[in-house]
Structures are given as C-alpha cells and as structure tokens.
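> Need a 3D model of the following:
(4 chains)
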Protein chains: 2
Amino acid sequence: MGDVAARVGVSRQLVSLVLRDQPGASVETRERVRRAADELGYRPDIAARMLRRRTSQYLGVAFHMQHSSEVDIVESLYPAAELRGYSVVLSAMTPTREERTAVEELLGYRSEAIILIGSHMGAGALRLLADRVPIVAVGRATLNAGCDVIRSDGDRGMSQAVEHLVTLGHRHVAYLHGSDMPGAGTRQRGYKRAMKRFGLAEQVLVVRGDYTEEAGADAAHRLLGEQGSLPTAVIACNDHMAVGLIHSLLRAGLAVPDDVSVVGYDDSRIARLSYVDLTSVRQDPAAMSEEAVRAAVDRISRVSERPRLVVVPTILVVRGSTGTPRPTERVAMRP
Amino acid sequence: MGDVAARVGVSRQLVSLVLRDQPGASVETRERVRRAADELGYRPDIAARMLRRRTSQYLGVAFHMQHSSEVDIVESLYPAAELRGYSVVLSAMTPTREERTAVEELLGYRSEAIILIGSHMGAGALRLLADRVPIVAVGRATLNAGCDVIRSDGDRGMSQAVEHLVTLGHRHVAYLHGSDMPGAGTRQRGYKRAMKRFGLAEQVLVVRGDYTEEAGADAAHRLLGEQGSLPTAVIACNDHMAVGLIHSLLRAGLAVPDDVSVVGYDDSRIARLSYVDLTSVRQDPAAMSEEAVRAAVDRISRVSERPRLVVVPTILVVRGSTGTPRPTERVAMRP
DNA sequence: CTGAAAGCGCTTACAG
DNA sequence: CTGAAAGCGCTTACAG
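Below is the predicted model of the structure:
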C-alpha cells in the first residue's frame, strides 16, 4: 500500500480510502490511485483489513461439494451475500473431511454467521454451536436447535406433482417412498394430503424402498406383480428412484408416459438427460440462498430474536415422462 | 487468547505455543491450556496469525463447482495440502462469477500459490498472472504460459480403451469426436495412434459432433445409415456422447454390448448409473491433486525453476457396456 | 517457563 | 486532502 501511495504521491490513508470506495478523494486522484494499484498488481490484504475492522463481514458456508443441489445453493449465495455487503467463505465437507472440521475452519476465519447446508449434526451439537455463532441450517428439518432453518416445501412440492397428474386425468397415482432419506416424511405426507384433497384417498398406494435406483426398479417389479392394479402414474420421492422405475417399466414392455406417467423429485442432472426427460419437482436454490443470507444478516444485527423457519416454495418442471392416461386403461382401472 | 491465558494462569505466549504444537510447555500445562481453550470455545484467529507470520501457508484453489470432475480433484486437494503443511482456500467459478473474480479473491487472501482448475484464461492473461504468483493449471493443455501444468493422459486413456476392445476381439472400432471440447485433440490422437499400433489403421473411423448427448444420438443415426459398415465397437470422447449413442442404438433395436460395445470417457456419474453401466476412462483425481500440490510447493520454495508439465495416467473402468463382438457379425464385417 | 516489546498490513479517528 | 498515532489478535525474538 505504501508503494502505491508513494507512486501517486499521496498518503496511505488516501489509498485505503479510494480502494474502499469511500468519499474524501477527488475524481482525478481516485483515478490515479486505481491505475497505480493496477500497475503494481496491488490488492489490499483481506486478513489485515478484517483484523482492523472489528467485523469480518464474512458469511461462512459449509456444504457438500459432491451434492449438486447444495452446489446450486452455494452458487447463488455469492450474489445474495454481496448484495448485503458480506463476503462468502467456503469450507467443503467431503467423505474425508467432516462437518466438524469444516465448521471449525469457518470459526477460525471469524465468520459472523455460518450457513450449514445439508448438515448431519445432531440437535444437541447444533445447539452448542449456535451458542457460539449464529447458525442458519439449510435443507434440514430439525427445529428447536437454536438456529434458523431454511428448507424447501416438500409437502407443497408433492402436492404440485399430484395436481399435475390429476389435471392430466390420472386417478391411480402411486408413491415410491424412500425411507431414511432427509425430508422423506414431509414428502410422503404431502402426497397423501394432496390425494385426499382431490378425493383420491382410496387410491393412495405407497411402495417402500430406500432412495436408490435399485429400489425404484424393485418397486416396479412389485407394482407389476400385482395383477390388474398397475397405477397410471407414479411419483417417486427422488429422481434416482424414478429413473430405476422407468428403466424397469421399459424392460417390461411398458411405455412411459403412454402406459405409466412418472414424476421425480430434485430435478437433478439425470432428470434433464434428454432420454430420461423426467418431470420433476425442483427446489428453488436462488430463493433458498436469499432467505439464508437474510436470516444470517438479521441474526447478526440482532433484528431477529427467536429462531426462524422459512419454507421456500418448490417448482414443478414438466417434461416428457408425464402425459394423459390411456382411456382404455382408465376404464379397466375402475372395476 | 488473553482469556485462556488468564484462566490457566499462564502467559499468552505459552497459550500460542501450545496451540501451535510447539515445544516449550510441560505435558500438564499443555493439557490445561487445551481444556481451557475448549471450554471457552477459543480458536486462534486465522487472519491475525497469517498477518504476523509473513507466510500465509495458503494454497488458493479456483474451480468450477458444477463440474464433478473438478470437484473430485478439489476434494483430494485437502489432504494433499495438509500433508505438506498448507491450507486450502476455495474460490468458486460459477456462471455468474468469473475466473478473474475468483482469482482476485485468492490474491487478496495472499495465497502463496494458486491452483487453477479447468481455467479458460488465455495464455497471455495466464502469463501476466504467473508473474505475480506461482500458478498451477490443472486439466489444461496450454504450455508456455509460465505456469506448471497438470493434466491427465488423454492419449493413453484412449489407448487403454482401444486395447480393451481389441483384447475382447473387436477390430472395427469407431470414434466419436467432440469438437471444441478441451482435450479433444489429444484424445482423438490417442485413438488413432492406438489403432495404428494394433494394425487397425484402415479401420479408423471418426464421426464428428460436439460433446453433447444429442451429438451422440446423431452419430448413431449416421453410423446406422451407412449400410453394412456398422462398427462392432464405438469409443466416445465423453460419457454424454456415449449415452446419447447407446440410447439411439437401443431405439434402433440394437443391443449393447451384444451388437455394439460402447466406451465413454470421464467416468461421470451418468456412467455409473446402473442402467447405463458404461465402461469409461477415468482420470485419477487423487494423483492429479498430489501432483498439483507438489508443483505448487516446489515452486513456492523455488525448488523448480522452469514450468513443469505433469501428465497423470488414466484408469479404465470396465462395466457392462463392452463385451465380445458377435462371431456372425465379425464375419459379416470383413467382406 | 515469564514478561516486555515489536510488528504483520491494514483501518480508524483526529487535528490540521 | 495530509500526518501522526493507535490498535486489531496474533507470533517472534529475547532477556531473565
């Protein structure tokens, strides 16, 4: 910084001022300082800056690099944080790097709040952490852990899926449940509620499995095994199960969506593959990011007092795996 | 830090010493200091620490969060850096966050070297940057930009693919070329060289396209259009093209691998889907990370003088999309 | 082990 | 706009 000041012939304070876009320098000087900084390849030292300001202006973010849905959220965190004058500092969770490690690093950076995406921490550990620093948990149902929670509306998402299928004319809409999957309970509840709302309580059919492709394939076999009761549409609790299901149906000589319509959940990359072309419910990553940053900033500035729960609406992405049911089959379906 | 010192009844210097695992404190004191730090939830301020040490011990990493192959590399960068006493600081490149921005942030952190994964910078810009700080470019062919380059051996990868197919008994091995894709040139060259090596120069058949699924599907149509000349195996320059190809072949009533074997490249998530089950060439992310860190550290410590090029061997992952060619077809193939 | 001192590169506050 | 001073939270170096 001294070099830049010397080159322009001004004080270090003035250089600092210009580089922080503060008032107090003439337009001409401003220009000269900037040019000198560029020429010398000078950038203020972030560490020194944040040491002097008692406030780091950092939002720490811990996330699973391998999960594309979390990556989508992190991506929109950058602009959301910048809008409110904060910088994002990233700490990855990987198979070899625990959540604990990731969080400790963020604490070392003196993050003013930590946004925890897809956290696996127990409520107790989370509460202890939340006592030290404001925590915003994204995509996690646990309440009462002393932190703000932002999650997408799995209930409403499933409702959108059911509504879409009913509007197309389906009545026999089955559901593939993924046990042990985070958010699975909410999604199944959403399916059942929506079916009830459309007067289809008696058509509710839940097939259980885990959340893998194989489970989806298995489910197809079980559905096909029950003679005469094949639903005209199936909603899976995630895209992987949906894809396994489709694959088994095709192998069994059935057409999608002509014989069976299929809806997935997550709108993952697989859903978008042209030959899968899966109708899927997608969370709104940009909205979740904005809410997460808002919650963090409000808590830092002590605007919000008690933990907040924000439920962000989902979006139904209609693709080629859903269509109107076959008239013949609809008749056959109602004995 | 003062609080911890006061609590234990020692000097701040001693606390600092213990937390840095330096010699000079008794085992008992060490224990008491650690416990007090834990109880108070104290962590040394990273910024203050690196400000005082004139060396940040940071390795800056710029990468595309959305590219799973880059994420794989970053993941193994953490342990590789730690092994050599460095910390990793992440800066993401996204559709809304340019490489320039990501790099500037890393410079602000006073990274001692920057590992640039999948960089799109021109050679000129790269050279300018490399004058300011040691740069290691990963997965990029451009040499002579004043930085170290680590890339996987696309040439040898294709050679492994050809060898695998030839060993299975294939002779008519076609290639789907993806124009404009980084590394595409090297891969195509590898295919041609390997074919020549196995005395199959006359069987070389290159179908062009971009690197999308659609291009793979198109290629299938073109291959099917040429009567009697359908190869018994096809290598695609990436998994997406391979998957598009397989899909078109299946639609045309052909079986994979019974009628046509298919090999992809990248070993992406899609390749691993159970119903795709694609034999694919995969780069070795852990090896690339280790080489990247080694190059960075050597350059920081001025062990290496001139830019280094490290070519990391690939690994062939054999799955269900490749098999022996049909005897009948092999006869038909040689008129 | 302690204690007193200096300094990393900034920002802040203030008198001129 | 300048100039002199202080201080952020650490680490380093040194005399005891």
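> Can you tell me how far the closest residue to A:D277 other than its chain neighbours is from DNA strand C?
Distances taken as CB to CB, 6 or more residues apart in numbering or on different chains place A:G320 nearest to A:D277, at 3.9 Å, with adjacent residues excluded. No exception for glycine: its C-beta is placed from N, CA and C like everyone else's. The gap separating A:G320 from DNA strand C is 54 Å, by CB to the nearest atom of the strand, to the nearest Å.
> Please identify the helix or strand for A:G320.
Counting by DSSP states H and E, no helix or strand carries A:G320.
> so it touches A:S280, yeah?
No: using CB atoms under 8 Å, A:G320 makes no contact with A:S280, being 11.3 Å away.
> circling back to that earlier point, for the residue nearest to A:D277, give me phi and psi.
Backbone torsions for A:G320, taken as degrees, to the nearest 10, come to phi -80, psi 0.
> how about it, what does it touch?
Contact analysis of A:G320 by CB atoms under 8 Å, 6 or more residues apart in numbering or on different chains lists A:P257, A:D277, A:L278, A:T279.
> Burial check on the residue of the stretch 1-150 of chain A found nearest DNA strand D, number of neighbours?
Relative to DNA strand D, the nearest point of the stretch 1-150 of chain A is A:S26 (2.6 Å; CB to the nearest atom of the strand). Residues lying near A:S26 (other CB atoms under 10 Å in any protein chain shown) number 10.
> can you check the one 3 residues further on too?
For A:T29, the tally of surrounding residues (other CB under 10 Å) stands at 17.
> mind listing the helices for chain A?
Here chain A has its helices, by DSSP state H, at A:2-8, A:12-19, A:27-40, A:46-52, A:68-83, A:99-108, A:123-132, A:154-168, A:184-197, A:213-225, A:239-251, A:269-272, A:285-300, A:327-333.
> Please see if stretch A:93-106 touches DNA strand D.
No: using CB under 7 Å from any atom of the strand, we find that stretch A:93-106 stays clear of DNA strand D, coming within 13.7 Å at best.
> and that stretch, how far apart are its ends?
Stretch A:93-106 has an end-to-end distance of 12 Å (criterion: CA to CA, to the nearest Å).
> what about it, near chain B?
Yes: where contact is defined by CB under 8 Å from any CB of the partner chain, part of stretch A:93-106 touches chain B, namely A:T94, A:P95, A:T96, A:R97, A:E104.
> Who are the contact partners of the fourth one?
Same thing as A:R97. Per CB under 8 Å, 6+ apart, neighbours of A:R97: B:E75, B:Y78.
> please redo it, this time with the cut-off set to 7 Å
Contacts of A:R97 were listed using CB atoms under 7 Å, 6 or more residues apart in numbering or on different chains, and they are B:Y78.
> The third one now?
Residues near A:T96 by CB under 7 Å, 6+ apart: B:P79.
> distance between stretch A:17-31 and the chain's centre?
Centroid separation for stretch A:17-31 versus its chain: 40 Å, with CA atoms, centre = their mean, to the nearest Å.
> for stretch A:303-320, same thing?
A distance of 9 Å separates the centroid of the chain from that of stretch A:303-320, by CA atoms, centre = their mean.
> now the end-to-end length of that stretch.
Across stretch A:303-320, first to last residue, CA to CA, it's 46 Å.
> tell me the mean pLDDT for that stretch?
On average, the pLDDT along stretch A:303-320 is 92.
> Now that stretch: buried residues?
For stretch A:303-320, the neighbour count (16 or more other CB atoms under 10 Å in any protein chain shown) marks A:S304, A:P307, A:R308, A:V310, A:V312, A:T314, A:L316, A:R319 as buried.
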